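**Q** Sequence and computational prediction follow.
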Amino acid sequence: MAEISTRKRIWGWFFFDWASQPYHTLLITFIFGPYFASVAAEYYMNTGLPEHAADARAQALWSTGLTVSGLIIGLGAPIMGAFADTTGRRLPWIMVFSLMYVVGAASIWGMMPDGSNLWFGLLAFGVGFIGAEYALIFINSQLPSLGNEEEVGALSGSGFAFGYAGGVVSLLLMLALFVEQPSGKTLIGLDPAFGLDAAAREGTRFVGPFTALWFALFMVPYFLWVRDTGPPRQGRGMRDALELLVNTIKGLRHRLSLSAYLGSSMFYRDALNGLYGFGGTYAILVLNWSITSVGIFGILGAISAALFSWLGGKLDARFGPKPVIVAAIWGLIAVCVTIVGMDRSQIFGVPLAEGSALPDAVFFGCGVLIGGLGGTLQAASRTLMVRHTDPAAPTENFGLYGLSGRATAFLAPALIGLVTTMSGSARIGIAPVIGLFVIGLLLLRWVRSEGDRIS
């Protein structure tokens, strides 16, 4: 068999981001999440709850799904990574988790618009989400093998940019061909494709099978061009994996920079995931947008994410990842303060005329910044982790990185759910995200820009 070139390996690796991004763009943030929120809110109103209470109950239920999924991801991520490092095999695990992605996403079709099976919708979403996040651990661990330390920043940024471009294309296709507006037509005035029934919201529900098919198709270049590097290792399975994991965690006490970085990223990435998970539901529940409006909002956010990720990769290569991370967090804190401080009737306590479009314009601007700064933050974070990664155990190290990003993945949804319930306001419920960003920013003070692999 002919040897696969480095260029093909890099492009194959990029294609994972292109293939997997729709789970985040279409399902978590811009179509299924808002669809779930609107269905749940209407269901609870039909039980007799007033609108604001139904909105709060719907957001709390969505937070429950994200919380449980986050717990499973956080607890399993480092074990999966350590197991892969003791065996030297990554591709078989990526195949298994890819299957979970496809099955979970496709099953979302079964969540009916009458709210009769909300828990089924959460279960299907959770299965696919767990598969997507576990697969990402193994994908991230391959980054160090694609280039030297000077190159991985640009590669990471380009990968995220390519992925967000895939998110834009997939979102455009869903809005143009499938998602029905109140009129029953799609964004470009067509009936939903394939004869899907707009009255049963089949066009919107098709987002699940569409995401599954997209992933299955565009993972082909990855599986054709990316291979495990190095010979298989003679580990004894889970026993060796757990031993490696325990030893690595014990060794963190000797690596202050890595420990501080894992702690910092644990909080700020959890905050970012909170924004992604609840941005669309905020627009539905607080600003009363339609799913089509949320989708247009998503297109702007995804385009800015692609552009900012590419630009952030260039800045990362020039200045290093840490300054890029700090700037992105400050920007996201400002965005969160703005979101919490406004609704349809006021902005920071200043009353607005009835029907004012200013909240819509402000939130569209926030969407551009959430997408752009969020993409930049993720790309630079992956690069900084490479600078702290032991080349002998990259998957296990990225398993810890996955753990830091998911060990408290339940925290943002749980806090949002708790504050939403206590305040009775879907808007105020977003406030805990600000505190999580601030904690992450403070912990970055002990992180060395150059990493600590040789210390």
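**A** Great, that's in hand. Numbers count the residues shown, from 1 in each chain.
**Q** hey, let's count contacts and neighbours off CA atoms from now on
**A** OK.
**Q** Let me see the contact set for the closest residue to Pro351 other than its chain neighbours.
**A** Distances taken as CA to CA, 6 or more residues apart in numbering put Ser345 closest to Pro351, at 6.0 Å, once the chain neighbours are dropped. The contact partners of Ser345, taken as CA atoms under 8 Å, 6 or more residues apart in numbering, are 351-354, 356.
**Q** Same question for Thr281.
**A** 29, 33-34, 37, 59.
**Q** Repeat that for Val337.
**A** Contact analysis of Val337 by CA under 8 Å, 6+ apart lists 431, 434.
**Q** quick one: it from Val368, how far?
**A** Summarising the geometry, the distance separating Val337 from Val368, computed by CA to CA, to the nearest Å, is 15 Å.
**Q** Same question for Gly349.
**A** Counting by CA to CA, the gap from Gly349 to Val368 is 24 Å.
**Q** Between those two, which has more neighbouring residues?
**A** Regarding Gly349 and Val368, a neighbour count based on other CA atoms under 10 Å identifies Val368 as having more, with 21 against 10.
**Q** so the more buried one sits right up against Ala306, yeah?
**A** No. Counting by CA atoms under 8 Å, no contact exists between Val368 and Ala306, whose distance comes to 10.7 Å.
**Q** ok, then the element right after the helix or strand bottoming out on mean pLDDT in the chain?
**A** In the chain, the helix or strand scored least confidently by mean pLDDT, DSSP states H and E is helix 394-406, which has a mean of 62. The first helix or strand that comes after helix 394-406 along the chain, using DSSP states H and E, is helix 411-423.
**Q** List the buried residues in that following helix.
**A** 411-421 (16 or more other CA atoms under 10 Å).
**Q** so which two of those residues are the farthest from each other?
**A** Maximum pairwise distance among those (CA to CA): 15.0 Å, between Leu411 and Thr421.
**Q** closest to Trp225 among the contacts of Thr281?
**A** Sorting these by how near they are to Trp225, with CA to CA, puts Thr29 at the top with 30.3 Å.
**Q** before we move on, what SS does the closest one have?
**A** Reducing the assignment to helix, strand or coil with DSSP: H, G, I helix; E, B strand; the rest coil, the entry for Thr29 is helix.
**Q** is it true that it touches Leu272?
**A** No. If you go by CA under 8 Å, Thr29 and Leu272 don't touch, sitting 11.8 Å apart.
**Q** what number of residues lie near Asp191?
**A** 22.
**Q** Could I get the buried residue list for the host helix or strand of Ile284?
**A** With elements delineated by DSSP H and E, Ile284 resides in helix 256-285, which encompasses its position. Of the residues in helix 256-285, those buried by neighbour count under the rule 16+ other CA under 10 Å are 257-285.
**Q** want to throw the buried residues of helix 411-423 into a markdown table with distance to Trp446?
**A** Compiled in a markdown table, these are given as follows (distance: CA to CA, whole Å):
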| residue | distance to Trp446 |
| --- | --- |
| Leu411 | 23 |
| Ala412 | 23 |
| Pro413 | 27 |
| Ala414 | 28 |
| Leu415 | 26 |
| Ile416 | 28 |
| Gly417 | 31 |
| Leu418 | 31 |
| Val419 | 31 |
| Thr420 | 33 |
| Thr421 | 36 |
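**Q** Looking at those, which one is closest to Lys250?
**A** Using CA to CA as the measure, the one of those that approaches Lys250 most closely is Leu411, at 24.3 Å.
**Q** ok, now which ones touch that closest one?
**A** Leu411 makes contact with 67, 270, according to CA under 8 Å, 6+ apart.
**Q** cool, and Ser107?
**A** The contact partners of Ser107, taken as CA under 8 Å, 6+ apart, are 121, 124-125, 208-209.
**Q** Equivalent analysis for Lys322, please.
**A** Each residue near Lys322 by CA under 8 Å, 6+ apart is listed here: 380-381, 384, 449.
**Q** just checking, which of these belong to helices?
**A** Cross-referencing the contacts of Lys322 with the helices (criterion: DSSP state H) gives 380-381, 384 as the overlap.
**Q** Kindly indicate the member of these with the most neighbours.
**A** By neighbour count, taken as other CA under 10 Å, the most surrounded of those turns out to be Ala380 (30 neighbours).
**Q** Which residue comes closest to that residue once chain neighbours are left out?
**A** Using CA to CA, 6+ apart and skipping the chain neighbours, the partner closest in space to Ala380 is Pro321 (4.9 Å).
**Q** And the pLDDT for that neighbour?
**A** Per-residue confidence (pLDDT) for Pro321: 90.
**Q** ok, how many other residues are close to it?
**A** Residue neighbour count, defined by other CA under 10 Å, stands at 26 for Pro321.
**Q** Please apply the same query to Pro92.
**A** In terms of burial, Pro92 registers 11 neighbours under the definition other CA under 10 Å.
**Q** Check the one 4 residues further on too.
**A** The local packing of Val96 (other CA under 10 Å) involves 13 other residues.
**Q** which ones are touching it?
**A** Residues in contact with Val96, defined by CA under 8 Å, 6+ apart, are Gly131.
**Q** Sort out which residues of the host helix or strand of it are buried, please.
**A** Taking DSSP H and E as the criterion, Val96 maps to helix 91-107. Neighbour counts over helix 91-107 (16+ other CA under 10 Å) mark 91, 93-94, 97-107 as buried.
**Q** could these be laid out in CSV, adding distance to Val294?
**A** What follows is those, written out as CSV (distance: CA to CA, whole Å):
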residue, distance to Val294
Leu91, 36
Trp93, 34
Ile94, 31
Phe97, 29
Ser98, 27
Leu99, 29
Met100, 27
Tyr101, 24
Val102, 24
Val103, 25
Gly104, 23
Ala105, 20
Ala106, 22
Ser107, 23
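**Q** Nearest to Lys185 among these?
**A** Using CA to CA, Ala106 is the member of these that lies nearest Lys185, at 23.0 Å.
**Q** Can you tell me, leaving aside adjacent residues, what's nearest to that closest one?
**A** Pro209 (4.1 Å).
**Q** Repeat that for Lys185.
**A** Nearest residue to Lys185 in three dimensions, chain neighbours excluded: Asp191, at 4.9 Å (CA to CA, 6+ apart).
**Q** what residues are up against the one you found?
**A** Residues in contact with Asp191, defined by CA under 8 Å, 6+ apart, are 177-178, 180, 184-185, 198.
**Q** just checking, what packs against the one helix or strand the residue nearest to Ala106 maps to?
**A** If you go by DSSP H and E, Pro209 is part of helix 207-218. Using 3 or more CA pairs under 8 Å, 6 or more residues apart in numbering; DSSP states H and E as the contact definition, the elements that helix 207-218 packs against are helix 6-22, helix 91-107.
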